[in-house]
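*Asks:* Sequence first, then the predicted structure, then my questions.
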Amino acid sequence: MVLFTRKEDVVENFHGTDIRDPYRWLENSEYPEVQQWVDEQNKRTQDFLATFPDREKVKSKLTETWNYVKYSVPQKEGNYFYFHKNEGLQNQSVFYRTKDLNSKDLEVVLDPNTMNDGGTAAITNLSFSKDGKRLAYGISLNGSDWQEIKIKNLETGKDESDLIQFCKFSSIAWNVEGTGFFYNRFPDPSTVSAEEQSYYNKVYWHEAGTGQDDDVLIYEDLDNKEFSFNPMLSDDYRYLILNVWKGTENKSRIYYKDLEKDEEFVYLFDKGDGEYSFIGNEGRTFYFLTNVDAPYEKIISVDLDNPSKENWIDVIPETTDVLSFGKIINGRIVVGYLHNAHYELKVFDLEGKRGVDVKLPGFISLTGLTGKKEEAWMFIGYTSYLSPNAIASYSFEDGELTSIFQEENKFTTEGFETTQVFYPSKDGTMIPMFLTHKKGLVLNGENPVVLYGYGGFNVSLTPSFSPALRMCIEEGGVYAVANLRGGGEFGEEWYKAGTLERKQNVFDDFIAAAEWLIAKGYTKKEKLAIMGGSNGGLLVGASITQRPDLFGAAICQVPVIDMLRYHKFTVGRYWVTDYGNAELNAEDFATMIKYSPLHNVKEGVEYPPTLITTADTDDRVVPAHAMKFAATLQAAYSGGNPILLRVEKNAGHGLGKPTVKIIEEQTDVYSFLFKTLGVTI
């Protein structure tokens with residue numbers, strides 16, 4: 001069935017070039033006509049999926065696979081250990097506490113499942129006072145990036161009267177007494193235009209028990225409206241530190257203020273010449289993780305009395321592996337390294353002397369690390385493509401790693417394997433790729449393969465567990481993850497090689513992965529599906545418009561598609577440092593028009609079966625991207641392959657999506673894949 005989408009004669013001139021935008025009216029998602037169009041698209045999609053006879057089997061298998069107990073990494077606050085737990089199919093994990101991690105006697109602290117009817121309330125921020133008597137927590141609804149902050153009294157178990165609004169990407173920093181906290185927020189949206197709602201971030205002081213109108217402005221920078229300021233306090237609570245950032249660029253600034261003196265903020269690092277992440281202090285010696293003169297990152301110490309660059313001390317110098325993070329625990333620096341896109345954990349003293357390596361399994365990601373400067377232990381969470389999150393405690397005294405929260409393991413790793421290969425991209429650059437499948441896989445070109453990628457914003461794709469992909473490999477599929485340029489797997493230069501005028505490298509890397517999988521006999525075009533979300537949705541959109549002949553199916557999730565207008569919506573302006581701005585810069589336009597998926601759809605081309613997904617309340621990547629792409633593909637393509645759009649109602653970019661919605665979405669995604677790739681269950 002061909003679904004007609006009305007066109008309008010909208011033309012915009014970019015640096016002397018007229019660009020038509022016939023579906024711009026779809027950007028107005030609140031219009032009744034747009035909502036009717038979305039309903040028609042959803043019906044068309046569901047009608048197609050209903051023709052897959054094994055759809056209920058897929059849903060049953062997914063539900064069974066999802067039904068296992070999930071824990072987060074615990075943290076010690078006051079006399080209690082706090083952690084999230086999901087019994088299996090709960091829409092949201094519940095936040096618990098206990099005095100004994102071996103006890104089954106758990107006390108509910110926060111249960112987001114009871115906070116609204118749709119199960120779409122999600123805990124997005126947690127900050128404890130030093131004495132562990134108060135908890136400030138953020139709540140987001142329907143997947144929105146916006147959150148409200150409340151305070152729970154952990155002695156009475158009741159919420160206090162405080163309500164903080166207008167927060168997004170906010171930090172909370174309690175004072176040492178626990179009487180209030182510093183936080184950052186944006187202006188009241190009703191006081192500014194829609195375009196200005198993510199500008200003019202400011203830092204405030206909130207005294208517990210008072211109204212937000214009484215909060216005291218601590219810092220603002222009206223001359224730099226794009227700057228945002230995340231407050232934190234030093235280990236000794238003496239210094240208020242602002243981590244200053246602009247969009248998603250891999251750079252930051254550091255300002256600090258001595259709370260014992262009535263002085264202005266000191267601009268410690270204000271050149272915007274690199275990334276600075278505060279990890280702790282010893283008096284006036286501050287420790288930072290930085291990429292300044294160290295594209296693979298290093299940890300430095302800075303004397304506040306002699307802070308100039310020539311006086312920095314390289315505590316943990318740069319190596320050939322990316323130093324992903326550092327934390328001061330037990331008076332030592334615990335460091336996570338990325339070695340060929342998987343994690344290793346090492347311990348150093350504060351002078352940088354190497355201690356021990358924490359013995360963890362291979363090909364894992366660290367999902368969490370908690371512990372305090374004075375504690376004798378830390379908690380570690382780690383996962384792989386084959387195993388869900390495992391939690392362990394680590395004793396610094398004896399180096400022992402002890403599993404906690406042990407439940408019956410329903411996911412055996414026997415019979416399956418993850419390997420890593422390196423393949424050449426178009427320009428000869430060697431790109432790593434993880435392959436996960438059953439052992440003994442026959443390379444006969446007949447295996448269904450799901451190839452996943454992202455390639456942007458310095459994000460590293462490291463091993464992670466997915467119940468849906470576990471089901472896929474159990475059914476004989478291969479899950480391939482390519483670590484493309486634009487990510488953070490190999491440091492600053494690797495990231496930059498996939499940005500701005502070099503963005504095409506990312507698509508070349510992904511296309512080369514598909515060609516390699518076919519050439520090596522893992523699969524053939526008809527059995528090869530590609531998948532990606534957000535920036536990865538851009539990747540999929542660009543791949544099918546550049547090489548539509550190469551893929552048997554495509555899953556394009558919450559994608560960035562219209563590269564000429566993306567910066568005009570919500571926080572799209574944050575991404576200019578990765579993509580560029582086609583409106584303001586002619587060179588950026590010349591680059592972006594060549595790969596923008598929306599503007600490279602052509603008539604007479606055989607596009608692969610494609611499922612485009614989005615959510616109607618996504619306030620990070622607005623649904624207009626997916627909707628305009630679907631309309632454009634459907635109008636241009638007259639072949640027999642399905643071009644479908646799935647719009648989730650009352651959901652966002654993925655944040656806090658309830659389990660029931662996840663299973664429904666994954667049922668549709670894998671029913672589409674199995675049907676188009678010819679997989680029977």
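*Replies:* Everything's here; your move. Numbering: from 1, shown residues only.
*Asks:* mind checking how far residue 503 is from residue 567?
*Replies:* Using CB to CB, to the nearest Å, one obtains 15 Å as the distance from residue 503 to residue 567. C-beta coordinates here come from the backbone N, C-alpha and C atoms, glycine included.
*Asks:* Sorry, wrong one. I was asking about residue 597.
*Replies:* Using CB to CB, one gets 16 Å for the distance from residue 597 to residue 567.
*Asks:* Just want to know which of these two has more residues nearby.
*Replies:* Using other CB atoms under 10 Å, the more surrounded residue of residue 597 and residue 567 is residue 597, with 27 against 20.
*Asks:* which residues touch the more buried one?
*Replies:* When contacts are counted by CB atoms under 8 Å, 6 or more residues apart in numbering, residue 597 is found next to 538, 541, 542, 544, 545, 559, 561, 563, 629.
*Asks:* From those residues, which land in helices?
*Replies:* Those of those mapping onto helices are 538, 541, 542, 544, 545, 629, per DSSP state H.
*Asks:* can you pull the contacts of the third one?
*Replies:* The reference is to residue 542. 507, 595, 596, 597, 600.
*Asks:* what pLDDT does it get?
*Replies:* Here the pLDDT value assigned to residue 542 is 98.
*Asks:* can you give me the strands for the stretch 251-400 of the chain?
*Replies:* 253-258, 266-269, 276-282, 285-290, 298-303, 313-316, 322-329, 332-339, 342-349, 354-358, 365-370, 377-383, 390-395 (DSSP state E, counting those that start in this stretch).
*Asks:* Tell me which of those strands sits nearest to residue 679.
*Replies:* For the strands of the stretch 251-400 of the chain, distance to residue 679 was read as CB to CB. The smallest value, 25.6 Å, belongs to strand 377-383.
*Asks:* for that closest one, packing partners?
*Replies:* Helices and strands in packing contact with strand 377-383 are listed as strand 365-370, strand 390-395; criterion 3 or more CB pairs under 8 Å, 6 or more residues apart in numbering; DSSP states H and E.
*Asks:* before we move on, the earlier item: comparing the strands of the stretch 251-400 of the chain by mean pLDDT, which bottoms out?
*Replies:* Taking the average pLDDT of each of the strands of the stretch 251-400 of the chain, the minimum falls on strand 354-358, with a mean of 91.
*Asks:* Okay, buried residues for it please.
*Replies:* Neighbour-count burial for strand 354-358, counted by 16 or more other CB atoms under 10 Å, picks out residue 358.
*Asks:* Between the ones in helices among the contacts of residue 597, which sits nearest residue 422?
*Replies:* The nearest one, if we look at the ones in helices among the contacts of residue 597 relative to residue 422 and count by CB to CB, is residue 542, at 22.9 Å.
*Asks:* any low-confidence regions in the stretch 51-200 of the chain?
*Replies:* Judged by pLDDT under 70, the stretch 51-200 of the chain has no weakly predicted residues.
*Asks:* all strands for it, in order.
*Replies:* For the stretch 51-200 of the chain, the strands defined by DSSP E, counting those that start in this stretch cover 70-71, 75-77, 80-86, 94-98, 107-110, 121-128, 134-141, 147-153, 158-159, 164-167, 172-174, 180-185.
*Asks:* List of residues touching the fourth one?
*Replies:* Going back to what we said before, that points to strand 94-98. If you take CB under 8 Å, 6+ apart as the criterion, strand 94-98 is touched by 80-86, 105-113, 123, 126.
*Asks:* chain center to that strand: distance?
*Replies:* Strand 94-98 has its average C-alpha position 24 Å from the chain's average C-alpha position, going by CA atoms, centre = their mean, to the nearest Å.
*Asks:* And for the last one?
*Replies:* Taking CA atoms, centre = their mean, one finds strand 180-185 lying 24 Å from the centre of the chain it belongs to.
*Asks:* Check which helices and strands that strand sits against.
*Replies:* Contacting strand 180-185 under the criterion 3+ CB pairs under 8 Å, 6+ apart are the following elements: strand 164-167, strand 172-174, strand 202-207, strand 227-233.
*Asks:* Equivalent analysis for the second one, please.
*Replies:* The contact analysis (3+ CB pairs under 8 Å, 6+ apart) places strand 75-77 against strand 80-86.
*Asks:* Alpha carbons only: can I get the strand it packs on in CSV?
*Replies:* As requested, the backbone C-alpha atoms of strand 80-86 are provided in CSV (Å, rounded to 0.1, in the frame of the first residue of the first chain):
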residue,chain,number,x,y,z
TYR,A,80,23.1,1.9,54.2
PHE,A,81,23.9,0.4,50.8
TYR,A,82,21.7,1.8,48.0
PHE,A,83,21.1,0.2,44.6
HIS,A,84,18.5,-0.3,41.8
LYS,A,85,16.8,-3.6,41.3
ASN,A,86,14.4,-4.9,38.7
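*Asks:* elements contacting that strand?
*Replies:* Strand 80-86 packs on strand 70-71, strand 75-77, strand 94-98, strand 121-128, going by 3+ CB pairs under 8 Å, 6+ apart.
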